[in-house]
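# structure, please.
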Amino acid sequence: MFASAGTRSRLDSVEIRVTFSGEDAAAATRTLAPDHGGARFRVHFCEALARSPYTPETLARSRTTPGQLPLLDAGVTLRLRAGGGRGGHGDVTAVLSPCRTSRLTERWLGFRAEGPDSLRLCGDWSGESRVLAASFASDCGRTAVEAVTSGSKPLDTAFSGRQRAFLTECADVYIGSGDLDVLGPVLIDCWTGVRLDHHEVRLERWTVRGSEPMEWFEVSERVAPEGAEVVQASLTVLLRGQGLEPDLAQGTRTRRVLEALARGA
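Prediction:
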């Protein structure tokens, strides 16, 4: 996965994810989520649906038909997130996953954070799936995100100059803001710093409303690369010991969310 020398061996952390869907998500929420203290976010995603062969017939076919989600198929996820409350938090994140280090120039392999921008190279582990994800986030404020998702400002105003340069240089597909559709929102309830035995985890409940409402619940833990296998095994045993069984049989959470949103677009 990683080159052997210099910055190409960079790995900032490993994020272990355990995801539940449907009735299992509801059970995990009841068992694990605190009664208070969570934060709520409205999350939108960008996709290039205009490039996809979307017709009523193609939408009725398999959820995993190639070409329906061209950015995701090319390993690119674009997320816009706005938080409620007084903080007014808002950020835009571009993720390359799986990320090939051969696509990352030395400029980005050496970049970590400056101003509102930050880049993290993280192992993304879910069950037996282990990939490298490059996550480039930019804090822009809730007002900026809401202006874009409401259509009152052009989409490209939400992305920082560094993010646009990063995508141009490192993504496997050309991304023009004029090609993009904004999908969502997804409602996310989030609890951070939750203690489960000796694990400190982040909990998220994702809800997609509409004619076919869908729900996911995710437990995640960010750890150092050394010893991550032991932490993953321990967390999985802990959750299963509480009668909770992960369900990823129909694909990753992000893909399933985007497929649901695209069908309703």
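
# so residue 203 bridges to which residues?
Judged by DSSP bridges, the bridge partners of residue 203 are residue 191, residue 219.

# wait, it touches residue 217, no?
Yes - if you go by CB atoms under 8 Å, residue 203 and residue 217 touch, sitting 7.3 Å apart. (C-beta placed from N, C-alpha, C; glycine too.)

# need the residues touching each of those two.
32-33 (CB atoms under 8 Å, 6 or more residues apart in numbering).

# between the two, which is the more surrounded one?
Taking neighbours as other CB atoms under 10 Å, residue 203 and residue 217 compare with residue 217 leading, 28 against 21.

# return the distance of the more buried one relative to residue 22.
According to CB to CB, to the nearest Å, residue 217 and residue 22 sit 10 Å apart.

# cool, residue 184 as well?
According to CB to CB, residue 184 and residue 22 sit 20 Å apart.

# these two: which has the busier surroundings?
For residue 184 versus residue 22, the count of surrounding residues by other CB under 10 Å is larger for residue 184: 20 against 13.

# assign a three-state SS to that one, would you?
strand (DSSP: H, G, I helix; E, B strand; the rest coil).

# do the one 10 residues further on as well
In the three-state summary, residue 194 is assigned as strand, counting by three-state DSSP.

# looks like it contacts residue 34 (just checking).
Yes - between residue 194 and residue 34 there is a contact at 6.6 Å, judged by CB under 8 Å.

# pick out whichever of the two has more residues nearby.
Taking other CB under 10 Å, residue 194 and residue 34 do not tie; residue 194 has more neighbours (17 against 9).

# find the nearest non-adjacent residue to residue 31, please.
Using CB to CB, 6 or more residues apart in numbering and skipping residues adjacent in sequence, the residue nearest residue 31 is residue 242, 5.7 Å away.

# burial count for that neighbour?
11.

# likewise for the one 3 residues further on?
As a burial measure, residue 245 scores 11 neighbours (other CB under 10 Å).

# quick one, grab the pLDDT at it.
We note a pLDDT of 88 for residue 245 in this prediction.

# that one contacts residue 24, correct?
Yes - at 6.0 Å, residue 245 and residue 24 qualify as touching, with contact defined as CB under 8 Å.

# so where's the chain shaky on pLDDT?
1-8, 50-67, 85-87, 211, 248-251 (pLDDT under 70).

# pretty sure residue 143 is touching residue 90, no?
Yes - if you go by CB under 8 Å, residue 143 and residue 90 touch, sitting 7.0 Å apart.

# looking at these two, which is more packed in?
residue 90 (24 against 12).

# gap between the more buried one and residue 24?
Residue 90 is 31 Å from residue 24, by CB to CB.

# over to residue 73?
Residue 73 sits 27 Å away from residue 24, going by CB to CB.

# between these two, which is the more surrounded one?
More crowded of residue 73 and residue 24, by other CB under 10 Å: residue 24, with 18 against 15.

# burial measure for the residue nearest to the more buried one when sequence neighbours are not counted, as a count.
Nearest non-adjacent residue to residue 24, counting by CB to CB, 6+ apart: residue 247, 5.1 Å away. Per other CB under 10 Å, the neighbour tally for residue 247 reads 15.

# swap in residue 170?
Using other CB under 10 Å, residue 170 has 22 neighbouring residues.

# which ones are touching the closest residue to it other than its chain neighbours?
Take residue 170 and drop its neighbours on the chain: the residue closest to it by CB to CB, 6+ apart is residue 103, 4.9 Å away. Residues in contact with residue 103, defined by CB under 8 Å, 6+ apart, are 96, 170-172.

# narrow those residues to those in strands?
residue 96 (DSSP state E).

# narrow the contacts of residue 103 to those that are buried.
96, 170-171 (16 or more other CB atoms under 10 Å).

# now flag whichever of the residues you listed is closest to residue 259.
Nearest to residue 259 out of the buried ones among the contacts of residue 103 is residue 96 (CB to CB; 19.8 Å).
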